[in-house]
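# Okay, predicted coordinates and the sequence, questions at the end:
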Amino acid sequence: MTQEISEDVDRLETIFKLQKGLSEMMKLDRYPKDSEGRVSALSTAIMHEAVELQRTTNWKWWKTPTEFNKAEAREELIDIWHFVVQASLELNLSPDDIVEEYKRKNEINRERQRNGY
């Protein structure tokens, strides 16, 4: 289990490095200057990308369904990951921090389920 977590952190570190490199390439003159503004902008981007992901599904029960395009859905999900990782960077969360916070919140959610939440 410890080895798995270590490998997961290594993968997250790779993703974080890639995101840092991408953000260094971007023209950020319209990006908010303060941390709160950046987190707010990133939250908005995450929500919009989530809507784009939802649009790849047949959620409209009143419409004739179309074939689900997994490749398009995956691309939209990765767009969400870009913004989530950038928000993590803005909040100074390291891959180790994310694993620890995830484990902490996961235990809270498990306890809630055990107690009929």
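Sure, I can see it.
# Select the longest helix from the chain.
Criterion DSSP state H: the longest helix present in the chain is helix 2-25.
# Now do the buried residues in the least confident helix or strand in the chain by mean pLDDT.
Ranked by mean pLDDT, DSSP states H and E, the weakest helix or strand in the chain is helix 2-25, scoring a mean of 86. Across helix 2-25, burial judged by 16 or more other Cβ atoms under 10 Å covers 9, 12, 15-16, 19. The C-beta positions use only the backbone N, C-alpha and C, and glycine is treated the same way.
# With stretch 68-80 instead?
73, 76, 79-80.
# okay if I get the residues you listed as JSON lines plus secondary structure?
Converted to JSON lines, the buried residues of stretch 68-80 look like this (DSSP: H, G, I helix; E, B strand; the rest coil):
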{"residue": "Ala73", "secondary structure": "helix"}
{"residue": "Glu76", "secondary structure": "helix"}
{"residue": "Asp79", "secondary structure": "helix"}
{"residue": "Ile80", "secondary structure": "helix"}
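# Which one of those is nearest to Ser43?
Ile80 (11.3 Å; Cβ to Cβ).
# Leaving out chain neighbours, which residue sits closest to that closest one?
Once flanking residues are discounted, Ile80 sits nearest to Glu49: 4.6 Å by Cβ to Cβ, 6 or more residues apart in numbering.
# Now the phi/psi pair for that neighbour, please.
With angles defined as degrees, to the nearest 10, Glu49 sits at phi -70, psi -30.
# That one and Arg110: what is the separation?
28 Å (Cβ to Cβ, to the nearest Å).
# More neighbours: which of those two?
Glu49 (20 against 11; other Cβ atoms under 10 Å).
# Might one say that that one is in contact with Asp79?
Yes. Under the contact definition of Cβ atoms under 8 Å, Glu49 touches Asp79, with a separation of 4.5 Å.
# just to revisit the earlier point, residues touching the residue nearest to Ile80, list them.
By Cβ atoms under 8 Å, 6 or more residues apart in numbering, the contact set of Glu49 is 76, 79-80, 83.
# which stretches of the chain have low pLDDT?
1-3, 5-6, 8 (pLDDT under 70).
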